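[1] Attaching a predicted model along with its sequence, questions to come.
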Amino acid sequence: MGDSIWNNFLDETMKERYELVAERIVEISKDPQVPECYKDYFSEAAAYLEKTMELCQMAIAGTLQQRSLETCKGDQEFLYHHMLPAYYAESYANPAYAVTVFGEKEGELLSFLRAELDVAIAYAFEGKLAELTLLIELFVQVYNCFEEEDVQEAKQTIYWYFHDYSEVFVENQIREMIDPVDSLYKKIIMKADLSDLSYLYQYGFYIGENELGIAAFLNELSEEEIQSMADTYTEGYRIGFEITGKDIKKKKTVQIHYQVGFERMIRAAIRNFEKIGLQATISREASSSFHNRGASKRCAYATSVNRQYDFDHKEDKAFYFDKAFVERRLEVLRTVFEQHKIQAAEHGGPAVLEVFGEEPFSPEKKEASIHYHDRQQELVVYNASMSGQITNEYIKGEERSFTIIAYPIPEIGDQFKEIFAETVVINTLDYAKYQKMQQCIIDVLDSGTKVHITGRGGNRTDLTVALHPLTDPDKQTIFENCVADVNIPVGEVFTSPVLAGTNGTLHVSEVFLNGLQYLDLEIVFRDGMIERYNCGNFADEAQNKAYIRDNILMRHETLPMGEFAIGTNTTAYRMAKEYQIGAKLPILIAEKTGPHFAVGDTCYSHAEDTAVYNPNGKEIIARDNEKSLLRKEDMSKAYFNCHTDITIPYDELGAITVIRPDGSTADIIRDGLFRVEGAEELNEPLLK
């Protein structure tokens, strides 16, 4: 890491610390000297850590890839046994079980610790001996506290671990994003024999049927097909800079996010990026509470071993999260960015490959899980806001871009190959054709001051969205004509609504947001802000509201409507209906299959002052709303650092009607079909 602060740890002292703590782990594994009720817990966890130390030494020696396939599978089962669904009911990582066995305080702490130890797998396979040593020292210190039956001291030990090593954790996170080092993940992608699927076990992820299946499937495709997929992905990224007038030549790095199994495509994409002067950075998905384990799948990731486990531990940071910790972390974040400000300025943003096809998941909410209390929830919002502002100072929103694309995984069902082929078609639809049809829709929308959206067939949506006024219709427009550039696939027109005058009810019978299923979701807006909300996931109304508040409102008391859009990708909608996978579509595709409404920041967050133009040359003037404008007075009041799209499918849609200043109206959609002259072709997939 060059002159990084972490160099101080990489010396003989750390090696000595490792050797000492390794001896202690062996002792604890064989004969833990704690009260009888804790012996099995500490013995099991110590044995697990022994295995990670063994694997870390192999990673450093370069022999991990020499393990036999049988050994790889055995190591995987051992490392992940505690979170596998078949064993999770009686796992110490299950907070409900831990509290039952140990009592509330002890169970909460020990379940937290067992989950936190999962980061040892990442440290081991990446050969991060120093970080692994610090983690094992934490375990031994907690063990010592339980020898003395001092739970309060154990809790303080955990708190100070995260406080004292904030520099290490933040430094690693930022450097892995902006520094194109030859990471484990890049080495696997570029150097492994991808025809031999045993390469997948070099990651240290749990390699399941999805990972094996997608890698095997991609190996069946021709080089031309793989290159075409990579080109769609990287061209979207390049065009994102071009259409927004940003200079990609100022950038030197791009952060790649991908699902394990897609290595053939990502290898081709990395080579594409190199041709336009960008080096790839790749890191591992979060496995520590410090980096928000259980959040959206990003970086290099595999499908979840157990989504209930992820849900149970998604707020584990609450165990040590307080004002002092937050201020310490923000101070470190700024310091690290300042130390690496040149590389940060040269970072272009993320290129994301998402996957879809997992069975919809509605979690069990457990009282025994660690949850943020009210003051901590306020701190979560504050921390996200301040972190976003600091990051934007060094990786400026008006200079960076992104792209995002999605593909199915084998879990989607027996017709996986057919769905994959359809998805490739959807991702490569003729953007010029959509651009013309969408412009016809925008021309009608630009004639209005409001849009009225209603549902049908049991859908209770009745919502009026206020639009920005045009002062020069010949040069200005309200809606962006979004074709397949950064946001693949093609197919939407969108705007930032005026909040005042945006009122009514948004309802959808079923929707899948950020990996979670919502049934009978209803959100009521008053002057563009969420006034109340509910869903039908749980029998208890309070649980339903908490579920929405935590996972859609992101613990804010309210959020504005940051976007109103009309999806036009009726081909994607037809695919979803034909294969009955509507509930499995990612937001990326689902938002193109009907009107959608985003709660949170606008699509132009942190870049509102950068002029944006449609292909016809008109400037999109609806980049702000009343909340984002507050940045001119107080940045902390302007942004919410979240943006969640909620889509009404065409078959639940009654009408989208433009209301003009003189009171006349024009339908964009009625009874699920487009009614705009010039956009009739969009109905063809709907009528099949």
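    That came in fine, so what should we check first? Residues are numbered from 1 along each chain as shown.
[2] Mind checking what secondary structure residue 646 has?
    strand (DSSP: H, G, I helix; E, B strand; the rest coil).
[3] which residues does it contact?
    506, 508, 511, 513, 521, 523, 552, 596, 597, 598, 599 (C-beta atoms under 8 Å, 6 or more residues apart in numbering). Any C-beta I mention is one placed from the backbone N, CA and C, and that applies to glycine too.
[4] quick one: what helix or strand has residue 566 in it?
    Per DSSP states H and E: residue 566 is located in strand 561-567.
[5] What is that strand packed up against?
    strand 492-495, strand 595-600, strand 643-647 (3 or more C-beta pairs under 8 Å, 6 or more residues apart in numbering; DSSP states H and E).
[6] thinking in terms of the whole chain, how far from its middle is stretch 601-612?
    Remark: stretch 601-612 is offset 21 Å from the chain centroid, using C-alpha atoms, centre = their mean, to the nearest Å.
[7] Just give me the residue closest to the centre of the chain.
    Residue closest to the average C-alpha location in the chain (C-alpha atoms, centre = their mean): residue 296, at 2.8 Å.
[8] wouldn't it be in contact with residue 551 here?
    No. With contact defined as C-beta atoms under 8 Å, residue 296 does not reach residue 551; the gap is 11.0 Å.
[9] measure residue 122 to residue 55 for me?
    To residue 55, residue 122 is 11 Å away according to C-beta to C-beta, to the nearest Å.
[10] can you map out the strands along the stretch 451-600 of the chain?
    462-466, 476-477, 480-482, 492-495, 498-513, 516-526, 529-534, 561-567, 595-600 (DSSP state E, counting those that start in this stretch).
[11] whoops, the stretch 51-200 of the chain was the one
    Under DSSP E, counting those that start in this stretch, the stretch 51-200 of the chain gives no strands.
[12] What of the stretch 251-400 of the chain?
    Assigned by DSSP E, counting those that start in this stretch, the strands in the stretch 251-400 of the chain fall at 253-259, 279-281, 300-301, 347-356.
[13] before we move on, the earlier item: give the residues shared as contacts by residue 296 and residue 551.
    Residues touching both residue 296 and residue 551 by C-beta under 8 Å, 6+ apart: residue 514.
[14] Okay, now stretch 274-287: how far is its last residue from its first?
    29 Å (C-alpha to C-alpha, to the nearest Å).
[15] Show the average pLDDT along that stretch.
    Average pLDDT, stretch 274-287: 96.
[16] try stretch 117-130
    On average, stretch 117-130 scores 96.
[17] what's the answer for stretch 326-346, then?
    The model assigns stretch 326-346 a mean pLDDT of 96.
[18] same thing with stretch 93-102?
    Per-residue pLDDT values across stretch 93-102 average out to 98.
[19] Format the contacts of residue 646 as TSV; extra columns: distance to residue 38, neighbour count and pLDDT.
    Output for those, formatted as TSV (distance: C-beta to C-beta, whole Å; neighbours: other C-beta atoms under 10 Å; pLDDT from 0 to 100):
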residue	distance to residue 38	neighbour count	pLDDT
506	50	25	98
508	47	25	94
511	44	25	87
513	40	19	85
521	43	23	97
523	46	25	98
552	39	24	94
596	50	24	93
597	50	25	96
598	47	25	96
599	45	26	97
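[20] Residue 170: which of these is nearest?
    residue 552 (27.8 Å; C-beta to C-beta).
[21] circling back: what sits against the residue nearest to the centre of the chain?
    Per C-beta under 8 Å, 6+ apart, neighbours of residue 296: 514, 515.
[22] Please repeat the previous calculation with a cut-off of 10 Å.
    257, 285, 286, 352, 354, 514, 515 (C-beta atoms under 10 Å, 6 or more residues apart in numbering).
[23] likewise residue 40?
    Counting by C-beta under 10 Å, 6+ apart, residue 40 has contacts 32, 92, 101.
[24] Is there a neighbour count for the nearest residue in space to the last one that is not next to it in sequence? I'd like the number.
    Spatial nearest neighbour of residue 101, excluding adjacent residues (C-beta to C-beta, 6 or more residues apart in numbering): residue 107 at 6.5 Å. Around residue 107 sit 20 other residues, with neighbours defined as other C-beta atoms under 10 Å.
[25] Same check on the one 3 residues further on?
    Here the neighbour count serves as a burial measure; for residue 110 (other C-beta under 10 Å) it reads 26.
[26] Quickly note the distance from it to residue 169.
    To residue 169, residue 110 is 22 Å away according to C-beta to C-beta.
[27] do residue 58 as well
    Taken as C-beta to C-beta, the span from residue 58 to residue 169 is 24 Å.
[28] Residue 202 too?
    In terms of C-beta to C-beta, residue 202 sits 24 Å off from residue 169.
[29] Repeat that for residue 612.
    According to C-beta to C-beta, residue 612 and residue 169 sit 36 Å apart.
[30] who's in contact with the nearest residue to residue 88 once chain neighbours are set aside?
    With sequence-adjacent residues excluded and distances taken as C-beta to C-beta, 6+ apart, residue 88 is closest to residue 94, at 5.4 Å. Residue 94 is in contact with 82-83, 87-88, 100-101, 107, 111, 114-115, 306, 308-309, 312-313, 366, 368-369, counting by C-beta under 10 Å, 6+ apart.
[31] are any of the residues you listed buried, and which?
    Buried members of the contacts of residue 94, counted by 16 or more other C-beta atoms under 10 Å: 82-83, 88, 101, 107, 111, 114-115, 306, 308-309, 312-313, 366, 368-369.
[32] Show me the residues you listed that map onto helices.
    101, 107, 111, 114, 115, 308, 309, 312 (DSSP state H).
[33] can I get these in JSON lines with distance to residue 576?
    Output for these, formatted as JSON lines (distance: C-beta to C-beta, whole Å):
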{"residue": "101", "distance to residue 576": "44"}
{"residue": "107", "distance to residue 576": "43"}
{"residue": "111", "distance to residue 576": "38"}
{"residue": "114", "distance to residue 576": "39"}
{"residue": "115", "distance to residue 576": "35"}
{"residue": "308", "distance to residue 576": "26"}
{"residue": "309", "distance to residue 576": "29"}
{"residue": "312", "distance to residue 576": "30"}
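[34] Quick one: end-to-end length of stretch 74-90, please.
    End-to-end distance for stretch 74-90, by C-alpha to C-alpha: 21 Å.
[35] Pull the distance from it to the chain's centre.
    Using C-alpha atoms, centre = their mean, the offset of stretch 74-90 from its chain centre is 24 Å.
[36] same thing with stretch 96-112?
    Chain-centre distance of stretch 96-112: 29 Å, with C-alpha atoms, centre = their mean.
[37] Which neighbouring elements make contact with the lowest-mean-pLDDT helix or strand in the chain?
    Ranking every helix and strand in the chain by mean pLDDT, DSSP states H and E puts helix 587-590 at the bottom, with a mean of 86. In terms of contacts (3 or more C-beta pairs under 10 Å, 6 or more residues apart in numbering; DSSP states H and E), helix 587-590 is packed against strand 347-356, strand 403-408, helix 416-427, strand 498-513, helix 570-579, strand 595-600, strand 643-647.
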